[in-house]
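S.K.: Please work out how this folds:
(2 chains)
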Amino acid sequence: MKPSELQSLIQKLIDGEISAEEFSALDDELARSAEARETYRLFTGLHSGLVRRGEIDAAIHSGPVVPIDRVMALQRRRVARISLLASAAAIVLTGLALWMTMTPETPSVFASVKTTPGSVFTLTHADGAKSSTGTLIHPGSTVRLDHGVAEFDLPHRVRAVLEAPTTMTLVDERTVQLGRGRGFFEVASAEGHGFTVETPDQRIVDLGTAFGVEVSNSTGHAYLYIVEGSVRIDALDGQPGPTLNAPRSVGLLGASVDNEIVDSPVEFARSLPPKVETVFVEDFESGLLANRDYSVIIDRNAVRDLDGNRFAGIPEKNPWKFSTALPTPASIEVVSYAYDGGHPPSDQPSAHQPSGSPAGLFLDPLNSKLTDGNPGASSGWKSGSYVGFGDNGDISDPQITFDLGEARPIDEISCSVYENLPHAVAVSASMDGEVFSVPVQIDWEQTQGNPTTLRLDVSTWSPARFWRLKFSHPTQWMFLGEVTFAAPPPVAIGDPPHLVPDRAEPTPDKSALAIVSLNPPLNSSSSGSLGQLVLHFNQPVRFGTGRVIVRTVGGGNPSEIVIGSQRTSIHESDLFVAPPMDLPDGAKAIGYPAAWQSPLPVVFHNPSGTGESYRGDEFADNEPARGEPGAMKGPSLLSLSGAHHRHPIRRKVGTIALGHRYTVSLGIGNRGGSGRDHFLGYDIRIISGGTVLARLTGDSPPGPPGTVTDVGLSCDSASLPEGVTPGDTIEVQIAPLAPIPPGPGYLDIDHLKLTRVGR
Amino acid sequence: MPFRKRQPDELQAYVQQMIAHQDKLRAFIYSLMPGSPHVADVLQNTNAVLWQKRARFAADTNFTAWAFKIARYQVMHQFDRDKRDGNLVFSESTIERIADDTPQDGSHDRLLRALETCLGKLSDPQRSLINARYTPGNSLEKHAESLGRTPGSLRIALFRIRDSLKRCIEQTVAEESA
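M.R.: As a prediction, the model looks like this:
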């Protein structure tokens, strides 16, 4: 049977329109051919999925509120959006109810919870179990809301509405603990008086009221917004504090008012909004590898113009080739320098020999570099640019101070060092008189008398004006030359790089669909990349049918990307293609994340769970674990580490809509190690233009060792800073936290999600 | 096998398994009786039997295999009724092969996830056609009337959409697992 005939019969069967004769033919074919059964399985799976989806849609339109038991039961599954609304069969829920009545030790129902569809949260009970027992929330239960809004009906007619990201624990029937985040509390009856919200530094006691509380995710400081009635602020030990009356908004410090909040509009959700919209999701699973030669071909007809005219494609015999480089840091000029070692520097080149004297510092007037002239030309040194130190009895730990003119960020200091006698020498760098130092040791054994280039990685240091190199134990003679300070590569921020016409031949027929430019450009070698392919056409385009085939020269299997799949997108005249990273389990690769502004390459890492870090079977990619524990999605993590630390990755993810609250969650990994596995901390910002709308920092991992755990932050378009208005762009920026003291380390991230909730 | 009273946490795990298997079970039942109006009944009966037999399930054995076995019996029961009513049913050997070929891993979840992605690629008219076919209360006929087209022409369009969804799903799943 031909495939087309088979498919037609299967579809007729699905729609109940198959004839007896056709049915019999199909039955025979399915019994006979495994291939036919595979096609059949796909169609029926598709059909089943669509039926289910239709039922879900019908359920959504019948009301915005989804009972939490359904949500809980289904949320744990990975098919988040579908699962959230899937209909767990009624019999299962009956089963649950039966079980509850069968087990007398089950605590009684304490509070009922509803959430807005699309909310993401977990519920943990006092015994540590992450339970799906629906509305059974009792003392000790903690709700962690990552996205969306949840409403609690508590005893004594107390109502609480939480907005993500928020963590709240029910302590007893009159007390909740708000660890972080925001909630609106309404006490509708006199018997509810005394209801208490415990924050990290105080207890907020209701005296008949409605109020909002916000606990800063970063600092733990609490802010109180009294809408009606009055509340009392008690100390954590219960010592009564001041009573405040509505309307009043204050920042709290222990059991007292720290500051009044005036002219700052703050809105709390007081009921469940109809839905949570997902604005942007990123799993960091695609991009371009650094330092590779790429070759790309595109099928004919993969793209069409709006009239349906076809694009001729990029053929195999003339592929789009480009290379991705590792970026080279730019050099910084030294304005002046000083020598401190007992001998004044000289500004005259000298012709001294390594074995001679005196010690000193010499300037090469031609290139403004430190030099001793040509100390070792006879022994094969390249000429020029060396400074010599000698020990004639009164030098200890000589130092050279470099003045850069202004405080500059430095990635790396490199210097050529020559030790002409078998003694070890150590070089260390420090900045602006501070004590941080990066010692580097060289041994005679290693150099064998040849000049050695030392590279000091100082990328994690703050910008500084004065840098000092210090040399320990330079016995007899030691030479230092060609000291350079490398600046970080320029940070590319803003729109994609200007698309330079290169491939286009002016076409006689203006209406013919043609490429105007490619990015990365044809035959280019580019550092700093958006990690994706951009084809800029001479007119607006839409998807045709076909594939983009991306090869790395000498690499593994080519990636075939289907036009129209989630890895492709079109914006007006531009086609964007994000090649999959596809790392095998346990592998790491340096590359650029697709569509992110990343001036320096990052590390893609697919932990297998068997390494030094991330131990555990759940990181292995085989079924059923899928290698995606905790907040991970997809097999790989993105690591920002080492030299890349000061440079954030950033991306535009949408525009600000009027009257919405935006929430970002991001998974952060904890390798649980030390040394190179030192956790650098995180600095996540929601920004618009250059203005920070929300920022979350942390210097320790949010979850235990070997886990990936979500952190969250939010901002509200009702309270935008001056200069930012609805319609402006929203960007997300992620960087390790500037560490002090500096050192190597990592920040592993995964699964960024941005949602918004309308008021 | 002797009955024994299950501990609450075992029961909870069992219920969780039941919930977690709903989609897989439904897809499995659909694959054995597509186009039948009785899929929901069979799924419900399967759940009822799963619940009745909870005490017989050994916690460390394969729940999927257990649930599929029960579902298959329920499908066969329904087939007996369908045969009596003169409805078309697959031969036993076909049923057996389809059931044996049905993967018990996470592949249906991957399919559902890919389906979401692929639905996102549809044009608005294509999506409304899918909604007309699959949302309870709607129908192709109603939709055809509102568009001023014949149900037959929409049916052909629906075939094509399903076909492109199938290809997109294959591609997406292959990309994911590549």
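S.K.: Output the lowest mean pLDDT helix or strand found in chain A.
M.R.: Least confident helix or strand, chain A: helix A:80-85 with a mean of 28, by mean pLDDT, DSSP states H and E.
S.K.: which residues touch the residue of chain B found nearest chain A?
M.R.: Sorted by distance to chain A under CB to the nearest CB, the residues of chain B start with residue B:134, at 3.4 Å. The way it works is simple: take the backbone N, C-alpha and C, and place the C-beta from them, glycine included. Neighbouring residues of residue B:134 by CB atoms under 8 Å, 6 or more residues apart in numbering or on different chains: A:50, A:51, A:53, A:54.
S.K.: Is chain B within reach of whichever helix or strand the last one is part of?
M.R.: Meaning residue A:54. Under the criterion of DSSP states H and E, residue A:54 resides in helix A:34-61. Yes - using CB under 8 Å from any CB of the partner chain, helix A:34-61 reaches chain B at A:34, A:37-38, A:40-55, A:57-58.
S.K.: Identify each buried residue in that helix, please.
M.R.: By neighbour count on 16 or more other CB atoms under 10 Å in any protein chain shown, the buried set for helix A:34-61 is A:36-37, A:39-60.
S.K.: just stretch A:259-277 next, same as before
M.R.: Neighbour counts over stretch A:259-277 (16+ other CB under 10 Å) mark A:267, A:268, A:269, A:272, A:273, A:275, A:276, A:277 as buried.
S.K.: tell me the two of these that are most distant?
M.R.: A:268 and A:277 (19.2 Å; CB to CB).
S.K.: what about the stretch 151-300 of chain A, any weak spots by pLDDT?
M.R.: The model of the stretch 151-300 of chain A has pLDDT under 70 over residues A:264-265.
S.K.: May I have the predicted confidence score for the residue positioned nearest the centre of chain B?
M.R.: The centroid of chain B falls nearest to residue B:27 when counting by CA atoms, centre = their mean (1.8 Å). Per-residue confidence (pLDDT) for residue B:27: 87.
S.K.: That one in helix, strand or coil?
M.R.: Secondary structure, DSSP: H, G, I helix; E, B strand; the rest coil: residue B:27 is helix.
S.K.: Now it: closest residue in space that isn't a chain neighbour?
M.R.: Nearest residue to residue B:27, sequence neighbours excluded (CB to CB, 6 or more residues apart in numbering or on different chains): residue A:48, at 4.1 Å.
S.K.: do the same with residue B:75
M.R.: Nearest non-adjacent residue to residue B:75, counting by CB to CB, 6+ apart: residue B:32, 4.6 Å away.
S.K.: what sits against the one you found?
M.R.: Counting by CB under 8 Å, 6+ apart, residue B:32 touches B:72, B:75, B:90, B:95, B:98, B:99.
S.K.: my guess is the fifth one is in a strand, correct?
M.R.: No - the secondary structure assignment for residue B:98 gives helix rather than a strand, going by three-state DSSP.
S.K.: how about the nearest residue to residue B:159, chain neighbours excluded?
M.R.: Beyond its immediate neighbours in the sequence, the residue positioned closest to residue B:159 (CB to CB, 6+ apart) is residue A:11, lying 5.1 Å away.
S.K.: And what about the one you found, helix, strand or coil?
M.R.: Put simply, residue A:11 is helix when judged by three-state DSSP.
S.K.: returning to that earlier point: what's the farthest-apart pair in the contacts of residue B:32?
M.R.: B:72 and B:90 (12.1 Å).
S.K.: longest helix in chain B, by residue count?
M.R.: helix B:151-177 (DSSP state H).
S.K.: Next, the buried residues of that helix.
M.R.: Across helix B:151-177, burial judged by 16+ other CB under 10 Å covers B:154-155, B:158-159, B:161-166, B:168-173, B:175-176.
S.K.: One more: stretch A:584-594?
M.R.: Buried, per 16+ other CB under 10 Å, within stretch A:584-594: A:585, A:586, A:589, A:590, A:591, A:592, A:593, A:594.
S.K.: could I get those as CSV with secondary structure?
M.R.: As requested, the buried residues of stretch A:584-594 are arranged in CSV below (three-state DSSP):
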residue, secondary structure
A:585, coil
A:586, coil
A:589, strand
A:590, strand
A:591, strand
A:592, strand
A:593, strand
A:594, coil
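S.K.: now, among those residues, which is nearest to chain B?
M.R.: residue A:585 (12.5 Å).
S.K.: Was I right to think that closest one contacts residue A:614?
M.R.: No - look at residue A:585 against residue A:614 with CB atoms under 8 Å: they stay out of range, at 11.3 Å.
S.K.: Overlap of the contact sets of the two?
M.R.: Both residue A:585 and residue A:614 are contacted by residue A:608, under the criterion CB under 8 Å, 6+ apart.
S.K.: quick one, helices of chain B?
M.R.: Under DSSP H, chain B gives helices at B:8-20, B:22-32, B:39-52, B:63-84, B:92-101, B:107-119, B:124-134, B:140-147, B:151-177.
S.K.: Let me know the average pLDDT across the first one.
M.R.: Think helix B:8-20. pLDDT averaged over helix B:8-20 gives 76.
S.K.: Same check on the fourth one?
M.R.: Average pLDDT, helix B:63-84: 86.
S.K.: Show residues contacting that helix.
M.R.: B:17-18, B:21, B:24-25, B:28-29, B:32-33, B:36, B:38, B:41-43, B:45-46, B:49-50, B:53, B:57, B:88-90, B:95, B:99, B:102, B:104.
S.K.: doesn't residue B:30 make contact with the residue nearest to residue B:27?
M.R.: Yes - using CB under 8 Å, residue A:48 is in contact with residue B:30, at 4.1 Å.
S.K.: Output the below-cut-off pLDDT ranges for chain B.
M.R.: Along chain B, segments meeting pLDDT under 70 span B:1-9, B:178.
S.K.: please redo it, this time with the cut-off set to 80
M.R.: B:1-13, B:15-16, B:20, B:34-36, B:52, B:55-61, B:83-88, B:104-106, B:137, B:176-178 (pLDDT under 80).
S.K.: who does the residue in the stretch 551-700 of chain A that chain B sits nearest to bridge with?
M.R.: Chain B sits closest to residue A:562 of the stretch 551-700 of chain A, with a gap of 4.4 Å, by CB to the nearest CB. Counting by DSSP bridges, residue A:562 forms beta bridges with residue A:547.
S.K.: what sits against it?
M.R.: Residue A:562 sits next to A:546, A:547, A:568, B:168, B:171, B:172, B:175 when contact means CB under 8 Å, 6+ apart.
S.K.: How about the stretch 251-400 of chain A: which residue is closest to chain B?
M.R.: For the stretch 251-400 of chain A and chain B, the shortest gap (CB to the nearest CB) falls at residue A:285, measuring 9.2 Å.
S.K.: Was I right to think that residue contacts residue A:638?
M.R.: No - look at residue A:285 against residue A:638 with CB under 8 Å: they stay out of range, at 9.0 Å.
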